[in-house]
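Visitor: Just to be clear, the model below is a prediction. Sequence and coordinates:
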Amino acid sequence: RISGIMEKLGMEDGQPIEHNLLSKAIESAQKRVEGHNFDIRKHLIEYDDVMNKQREVIYEQRHMILNGEDLGENILEMMEELVEDPMAKHAGEELYPDEWDLEGLEESIFGLFGIVVDLTNSPQVVEMDRDEMREHIQDAVKNNYLQKVKENGAEHMKEIERMVMLHVIDNQWKDHLLNMDHLKEGIGLRGYGQKDPLIEYKREGYDMFMDMVERIKEETVEYLSKMTLVEEDEKREDTMGRQSRTFEHRGEIPTASPPEAQGGSTAVKTVRREGKKVGRNEPCPCGSGMKYKRCCGK
């Protein structure tokens, strides 16, 4: 519109704009652009506030772990809370006791905590109501973990708890950040449905954050409940066993006698080869089906 007015007035390129009508139009356009940019920045800050609040919660947990605080009580609380989901699924409050899926409940507990809790053959369990059964399962889960702590040493387990929990939180938080970015990219479309994108972003972002918190609890508890610590000696023996089997396959274990000490020096006993010399491109005599140069001839 301003360009058309300038052409009608016969203004040339490079000539200063001094007409009141043009000055007011440009000033009005600048105010609109600046107001639009301000709204964009305001919305970005509001979106960032949502992430900052979530970030504060996660960083507080990380600092607690890195500062060496005892996580034992937190782990046991997580275990108690995680019993609720299988209970709600297989023995919900809306079901009568004879409608409970006790076998499914046993499988869910085993899948999550790695322990077998007998709920179908125990006369003691048959008489329990829902609250008593929940406490029975929670006690079994906690006792199993406390026994693991006792066997492996409290200090050792504290270090493992910190390592596992920090690993799980970091992985889940990275995935959550990516998911929140995807949510922000498409949330503007909610405006076409007469919904405030910012309100929808806060609501869905909160739901996603709470889902992440539950995944952190579940993954942490599952790691710690099912882990088996292996002593260094056992790992070394297992590694040596694998190496020995590899050498045997390649035919690298010598059949000659080991070096013998003679007069303070080391003498190597020479072994005469029997039979025809095997070519490097011929099939290996060990029966592996590979060429000699790629098997025992290495």
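Guide: Right, received. Where do you want to start?
Visitor: mind listing the helices for the stretch 1-150 of the chain?
Guide: Assigned by DSSP state H, counting those that start in this stretch, the stretch 1-150 of the chain shows helices spanning 2-9, 20-66, 72-82, 84-90, 102-113, 123-126, 130-152.
Visitor: Restrict the fifth one to CA atoms and write it as PDB.
Guide: The C-alpha coordinates for helix 102-113 follow below in PDB (Å, rounded to 0.1, in the frame of the first residue of the first chain):
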ATOM      1  CA  LEU A 102      -3.900 -64.600  40.900                       C
ATOM      2  CA  GLU A 103      -1.800 -66.400  38.300                       C
ATOM      3  CA  GLY A 104      -1.600 -63.300  36.200                       C
ATOM      4  CA  LEU A 105      -0.600 -61.400  39.300                       C
ATOM      5  CA  GLU A 106       2.100 -63.900  40.100                       C
ATOM      6  CA  GLU A 107       3.500 -63.500  36.500                       C
ATOM      7  CA  SER A 108       3.400 -59.700  36.700                       C
ATOM      8  CA  ILE A 109       5.300 -59.700  40.000                       C
ATOM      9  CA  PHE A 110       7.900 -62.100  38.700                       C
ATOM     10  CA  GLY A 111       8.300 -60.100  35.500                       C
ATOM     11  CA  LEU A 112       8.900 -56.900  37.400                       C
ATOM     12  CA  PHE A 113      10.800 -58.000  40.500                       C
END
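Visitor: List the residues that contact Glu161.
Guide: Each residue near Glu161 by CB atoms under 8 Å, 6 or more residues apart in numbering is listed here: Leu71, Gly72, Ile75, Leu224. For the C-beta atoms, the positions are set from N, CA and C on the backbone; glycine is no exception.
Visitor: I'd like the distance between Glu103 and Val33.
Guide: 67 Å (CB to CB, to the nearest Å).
Visitor: quick one: buried residues of stretch 189-196?
Guide: Along stretch 189-196, these residues count as buried under the neighbour rule (16 or more other CB atoms under 10 Å): Arg190.
Visitor: Ok, stretch 206-215 next?
Guide: For stretch 206-215, by 16+ other CB under 10 Å, it's Phe209, Met212, Val213.
Visitor: what does that stretch rub up against?
Guide: Contacts for stretch 206-215 (CB under 8 Å, 6+ apart): Gln54, Val57, Gln172, Trp173, Asp175, His176, Asn179, Met180, Leu183.
Visitor: follow-up on the earlier one: including distance to Val168 and mean pLDDT, could the helices of the stretch 1-150 of the chain go into JSON lines?
Guide: Shown next, in JSON lines, are those (distance: least, CB to CB, whole Å; pLDDT from 0 to 100):
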{"stretch": "helix 2-9", "distance to Val168": "60", "mean pLDDT": "74"}
{"stretch": "helix 20-66", "distance to Val168": "10", "mean pLDDT": "76"}
{"stretch": "helix 72-82", "distance to Val168": "11", "mean pLDDT": "90"}
{"stretch": "helix 84-90", "distance to Val168": "18", "mean pLDDT": "90"}
{"stretch": "helix 102-113", "distance to Val168": "15", "mean pLDDT": "90"}
{"stretch": "helix 123-126", "distance to Val168": "32", "mean pLDDT": "75"}
{"stretch": "helix 130-152", "distance to Val168": "16", "mean pLDDT": "89"}
